[in-house]
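[1] have a look at this fold, sequence not included:
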């Protein structure tokens, strides 16, 4: 069944992948009152780990010499991706609207570009620098809800938005450092390792959240939300994305990332009753315009 699905058009696979990822934000916001954020993140990856274990364990065993040799960078990549990014997203969605959170996430490409310059001294052209500035200005518009002057105040940034910004930074750091992943480690083995390490890192935080009065409830809502984020937003999204990239290449596939805010905002309006405001549109145009300047025009 899965193999039959993977044989459909790579463009369809990319559309489904971005839809699943957008749905992750909407789901996190939809259940924020019923499902604790760290619990959702922990059980998302624990469930995914249980599903992939029969296939992952043989590959991890075979790759153990490589893992042992490069343990530090693999630990760093696992912490910033599985452990930090998703958990911070769910923490942010406790109070931040899904629509604004998705727009902030869409600025990630220019932050990755900046970090690549900062960490590895990749050359940044004037056009790319202008694109980064415009895109980050769009982030400011979204964060301040269309009142950029509020940056001068001390209370413009609420806790939820702060968590989302930290999540975006974590994903950008992970993406910038991904070039350091040992080439000998296969894609599925790497994915499985990051999930395993992420679950281990999250465990003490999950226990603390439980003991602090927010245990993971066993309800229809919690079970369905965990199944969605683990199967669709994690495993299937990973398989679909990799299959599409293998057929179309990274550059063509990467353009579909811009569908995430389109799907996400649509889902947030339809299912969460969120309102799309003028500052959302202004921020969206500035962020995407900046990304286009920085990643497309700036590389010509």
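    Perfect, I can see it now. The model shown is predicted, which means the values in this text are computed figures rather than measured ones. Residues are numbered from 1 along each chain as shown.
[2] let me know the pLDDT of residue 296.
    Residue 296 is assigned 70 on the pLDDT scale.
[3] typed the wrong thing, it's residue 300
    Residue 300 is given a pLDDT of 58.
[4] same check on residue 233?
    pLDDT, read off for residue 233, is 96.
[5] where's the nearest residue to it once chain neighbours are set aside, which helix or strand?
    Spatial nearest neighbour of residue 233, chain neighbours left out: residue 24 (4.0 Å); criterion: Cβ to Cβ, 6 or more residues apart in numbering. (Each C-beta comes from the backbone N, C-alpha and C, glycine too.) Per DSSP states H and E, residue 24 falls inside helix 10-30.
[6] which residues touch the residue nearest to residue 233?
    Contact analysis of residue 24 by Cβ atoms under 8 Å, 6 or more residues apart in numbering lists 86, 89, 228-229, 233.
[7] show the buried residues in the residues you listed.
    Buried members of these, counted by 16 or more other Cβ atoms under 10 Å: 86, 89, 228-229, 233.
[8] backbone phi and psi for residue 123, please?
    For residue 123, the backbone dihedrals (degrees, to the nearest 10) come out as phi -70, psi 140.
[9] again, but for residue 96
    phi -90, psi 140.
[10] tell me the confidence at it?
    94.
[11] swap in residue 131?
    87.
[12] what about this structure, any weak spots by pLDDT?
    By pLDDT under 70, the weakly predicted segments of the chain are 1-3, 5, 149-156, 251, 297-300.
[13] swap the cut-off to 50 and go again
    Along the chain, no part satisfies pLDDT under 50.
[14] residue 244: neighbour count?
    24 (other Cβ atoms under 10 Å).
[15] go ahead and confirm it touches residue 13.
    Yes. Residue 244 is within contact range of residue 13, at 4.4 Å (criterion: Cβ atoms under 8 Å).
[16] contacts for the helix or strand containing residue 291 next, please.
    Secondary structure assignment for residue 291, by DSSP H and E: helix 278-295. For helix 278-295, contacts defined as Cβ under 8 Å, 6+ apart pick out 99-100, 103, 106-107, 109-110, 113, 127-128, 130-139, 141-142, 145-146, 258, 261, 265.
[17] buried stuff in it?
    Counting neighbours by 16+ other Cβ under 10 Å, helix 278-295 gives 279-280, 283-284, 286-288, 290-295 as buried.
[18] quick check: of those, which lies closest to residue 252?
    residue 295 (13.2 Å; Cβ to Cβ).
[19] mind checking how far the closest one is from residue 193?
    Separation of residue 295 from residue 193 (Cβ to Cβ, to the nearest Å) stands at 29 Å.
[20] and residue 43, by the same measure?
    For residue 43 relative to residue 193 (Cβ to Cβ), the value is 19 Å.
[21] could I get the buried residue list for the helix holding residue 24?
    10, 13-30.
[22] neighbouring contacts of the particular helix or strand that has residue 263 in it?
    Using DSSP H and E, residue 263 maps to helix 259-272. Contacting residues not belonging to helix 259-272 are listed as 14-15, 18-19, 21-23, 25-26, 29-30, 97-99, 102-103, 105-106, 274-276, 280, 284 [Cβ under 8 Å, 6+ apart].
[23] recalculate using a threshold of 7 Å.
    15, 18-19, 21-23, 25-26, 29-30, 97-99, 102-103, 106, 274, 276, 284 (Cβ atoms under 7 Å, 6 or more residues apart in numbering).
[24] ok, now stretch 216-235?
    20-21, 23-24, 27, 31, 34-36, 39-40, 43-44, 47-48, 51-52, 210.
[25] go with 6 Å
    For stretch 216-235, the external contacting residues (Cβ atoms under 6 Å, 6 or more residues apart in numbering) are 20, 24, 27, 31, 34-35, 39, 43-44, 47-48.
[26] residue 187: which of these is nearest?
    Nearest to residue 187 among the contacts of stretch 216-235, with distances taken as Cβ to Cβ, is residue 48, at 15.3 Å.
[27] which elements pack onto the helix or strand where residue 161 lies?
    Element membership for residue 161, per DSSP H and E: helix 159-177. For helix 159-177, the packing partners by 3 or more Cβ pairs under 6 Å, 6 or more residues apart in numbering; DSSP states H and E come out as helix 86-92, helix 98-105, helix 108-120.
[28] compute the inter-axis angle for the next helix or strand along the chain from the longest one and helix 98-105.
    Translated: helix 108-120. Going down the chain from helix 108-120, the next helix or strand is helix 126-143, by DSSP H and E. Put simply, helix 126-143 runs at 160 degrees to helix 98-105, going by axes from the mean of the first three to the mean of the last three Cα atoms, to 10 degrees.
[29] right, I'll call it a day here.
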